[in-house]
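Undergrad: fold the stuff below for me.
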Amino acid sequence: MDSLADLMARVAQPGLLVWIGLRPARREPMVAVPRAEITAGGLAGDRTTRPGPRAVTLIQAEHLPVIAALSANPRVHYAQMRRNLAVSGLNLAAMRGRCLSLGTVVLRVTGPCAPCSRMEEALGPGGYTAMRGHGGVTAEVVTPGLVRVGDRVVALPGTDA
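TA: All right, here's what the predicted structure looks like:
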C-alpha cells in the first residue's frame, strides 16, 4: 500500500505553459508575450522584480471557467487575473513546496496567491469572492532562464516541503 507521501508525490502528467503575461506598470493592462526571461527577481519586463517567495505568480488555466461561472462574467481572460504564467494540466495547488521545471527555469511553489481588490474592477461585483481559492500560486526562482508558451511544466521529484 502506498504511503500518503507517495500518493502526494505522484502526478498524472506534466503540465503545459499556455500563457505568459507581463505587468509593465501599476494599473496598466498586462502584455501577453510568447516567451520571457525569468531572473532571480521574476519576469524581466514585469513591473515587480524582487527575489523571494512571490517572485513569480502562476494560475491554473482550468480555473478560468470556474471563475467565469462564479463571477457571472462569460469572458474571463488570463490577463484579468494579473498572474505571470498560466499552466494547464498540472494541479498547481498540490505543488506547494515542490519544484517545477519549465523551459530552462526551475521554480519552487511557495504558497497560494490570494486575489487582490482589483478583481472587483476586472470581473465586476463579486469578482474578488469568485477568485477566492482560485487565485493561483506564488513561486520563488531556483534557476533563472527562459520560458516559452508551449513549454512542458514538470513537477520535479523529491522537492516536497
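Undergrad: phi, psi for the residue sitting nearest the centre point of the chain please.
TA: By CA atoms, centre = their mean, the chain has its centre lying nearest to Leu58, at 0.7 Å. As for Leu58, its main-chain torsions (degrees, to the nearest 10) stand at phi -130, psi 150.
Undergrad: which stretches in the chain count as helices?
TA: Using DSSP state H, the helices of the chain run over 4-9, 63-71, 78-81, 118-123, 127-131.
Undergrad: and the fourth one, what does it pack against?
TA: Using 3 or more CB pairs under 8 Å, 6 or more residues apart in numbering; DSSP states H and E as the contact criterion, the neighbours of helix 118-123 among helices and strands are helix 78-81, helix 127-131. C-beta coordinates here come from the backbone N, C-alpha and C atoms, glycine included.
Undergrad: may I see the buried residues of that helix?
TA: Met119, Glu120, Ala122, Leu123 (16 or more other CB atoms under 10 Å).
Undergrad: ok, Arg118 - contacts?
TA: Arg82 (CB atoms under 8 Å, 6 or more residues apart in numbering).
Undergrad: distance of it relative to Leu90?
TA: 26 Å (CB to CB, to the nearest Å).
Undergrad: in the worst-scoring helix or strand of the chain on mean pLDDT, which residues are buried?
TA: Here the helix or strand of the chain ranked lowest by mean pLDDT, DSSP states H and E is helix 4-9, holding a mean of 76. By 16+ other CB under 10 Å, the buried positions in helix 4-9 come out as Ala9.
Undergrad: where does this structure have low pLDDT?
TA: Low-confidence segments of the chain (pLDDT under 70): 159-161.
Undergrad: same thing but 50
TA: Confidence mapping of the chain against pLDDT under 50 gives the ranges 161.
Undergrad: name all residues that make contact with Val153.
TA: Shown in contact with Val153 (CB under 8 Å, 6+ apart): Pro14, Gly15, Leu16, Leu17, Val87, Gly89, Leu90, Leu100, Ser101, Leu102.
Undergrad: please name the bridge partners of it.
TA: Val153 forms beta bridges with Gly15, Leu102, as assigned by DSSP bridges.
Undergrad: mean neighbour count and distance to Ala40 for the helices and strands packed on helix 118-123 - can I get that in TSV?
TA: TSV is the format used below for the helices and strands packed on helix 118-123 (neighbours: other CB atoms under 10 Å; distance: least, CB to CB, whole Å):
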stretch	mean neighbour count	distance to Ala40
helix 78-81	21	24
helix 127-131	21	28
